[in-house]
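>>> Could you look at this predicted model? Sequence included:
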Amino acid sequence: MIPAAVEEVCATFLRVAPPDLVTGLYLRGGTGFGEWVPGQSDVDFVATLAHRPDGAAVEALRVAHEQVAAAHPDVAFDGVHVLVADLADPPADCPDVPIVLGRLFEGEGVLHEAVVVWHELAWHGVQVCGPPIAELGVWTSQEVLLAFTRDNLDTYWRGSAEALTAMPSEGAGEEGCCWCVLGVTRLHHLLVTGEMTTKSGAGRWGLSAYPERFHRVLREALRIREDIHRVEGSEYADDRAARGRDTAELTAWVVAQGTEEQ
């Protein structure tokens, strides 16, 4: 079931989008996994178009997303606008298309995580309107997905781990702790299990799969992500420095584990 707040955002977009251009709207991310968290999760979408948009159509899409952002300022509506034919081919073959990332619209953007988008849509996508996802013929490859994930750990996350090791205070804040601990664990979960999951799902998995020395910071990251009203107290309330050290240690350990597993 799509959460009411997500339905409202989608309804606004479909109402203001250029007529006869959008042929389908699909959701992925937390909504697709049934774990959309109010105040934390974005509404991640894939919109299929009737044709490759010209300048006027791209501008109309830009205006539509500005209207969505104005109507729903607390929810980021991020995603990509493609042809159904694009989804049937490997993401690397997809041309630059209109994208929205962090509420920023680009008429010809590069979706760097398109491999993840294709697979989440195919395996966990939710149809809002348009043909059923099974009829879209979305391209998938477990081998390519795992290689992309391992490379992500070995590049972006290795750099992050090294930065945290040099300056653990970067992971001492709630946002940094949650982003690093659950972000890196989510990738590792995919490499170990072969299955995609949410950030929260990865954190819960880590509590059963990781050494006990990491459980405290895993619980903390889950608290930050899920307890948006901060009802529960932090296990690091009197020691932010320890939270930073534990975030750095877990991130470095997961990067090492994930890149060694071939």
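That came through, no problem. Residues are numbered from 1 along each chain as shown.
>>> A helix includes E143, no?
Yes: E143 sits within a helix when classified using DSSP: H, G, I helix; E, B strand; the rest coil.
>>> count of neighbours near it?
7 (other C-beta atoms under 10 Å). The way it works is simple: take the backbone N, C-alpha and C, and place the C-beta from them, glycine included.
>>> Roughly how far does it sit from P91?
From E143 across to P91, the span is 14 Å (C-beta to C-beta, to the nearest Å).
>>> Point out the other helices and strands that the helix or strand that contains L121 packs with.
Under the criterion of DSSP states H and E, L121 resides in helix 114-124. Helix 114-124 is packed against strand 22-28, helix 29-33, strand 43-49, helix 142-152, with contacts defined by 3 or more C-beta pairs under 8 Å, 6 or more residues apart in numbering; DSSP states H and E.
>>> Between the ones you listed, which one is closest to G183.
Taking C-beta to C-beta, helix 142-152 is the member of the helices and strands packed on helix 114-124 nearest to G183, at 9.7 Å.
>>> which stretches of this protein have low pLDDT?
228-231, 261-262 (pLDDT under 70).
>>> where exactly do the helices run in it?
4-16, 29-33, 55-71, 84-87, 114-124, 142-152, 158-166, 174-193, 199-209, 215-226, 240-260 (DSSP state H).
>>> So for E106, which of those helices sits nearest?
helix 55-71 (9.1 Å).
>>> Please point out which parts of that closest one sit buried.
Using 16 or more other C-beta atoms under 10 Å as the test for burial, helix 55-71 gives A57, V58, A60, L61, A64, H65, V68, A69, A71.
>>> circling back to that earlier point, format the helices of the chain as TSV; extra columns: distance to V43.
Conversion of those to TSV gives the following (distance: least, C-beta to C-beta, whole Å):
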stretch	distance to V43
helix 4-16	5
helix 29-33	7
helix 55-71	9
helix 84-87	19
helix 114-124	13
helix 142-152	23
helix 158-166	26
helix 174-193	18
helix 199-209	15
helix 215-226	16
helix 240-260	27
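>>> For S234, which of the ones you listed is the nearest?
For the helices of the chain, the distance to S234 is smallest for helix 215-226, at 6.4 Å, taking C-beta to C-beta.
>>> L190 is in contact with L145, correct?
Yes: contact criterion C-beta atoms under 8 Å: L145 and L190 qualify, at 7.5 Å.
>>> Specify which residue of the two has the higher count of neighbours.
Legend: neighbour count by other C-beta under 10 Å for L145 and L190, higher for L190 (24 against 20).
>>> Quickly note the distance from the closest residue in space to the more buried one that isn't next to it in sequence to D54.
Closest residue in space to L190, ignoring its immediate chain neighbours: T149 at 5.3 Å, by C-beta to C-beta, 6 or more residues apart in numbering. Distance from T149 to D54, counting by C-beta to C-beta: 36 Å.
>>> Would you enumerate the residues in contact with A209?
Going by C-beta atoms under 8 Å, 6 or more residues apart in numbering, A209 touches H189, V192.
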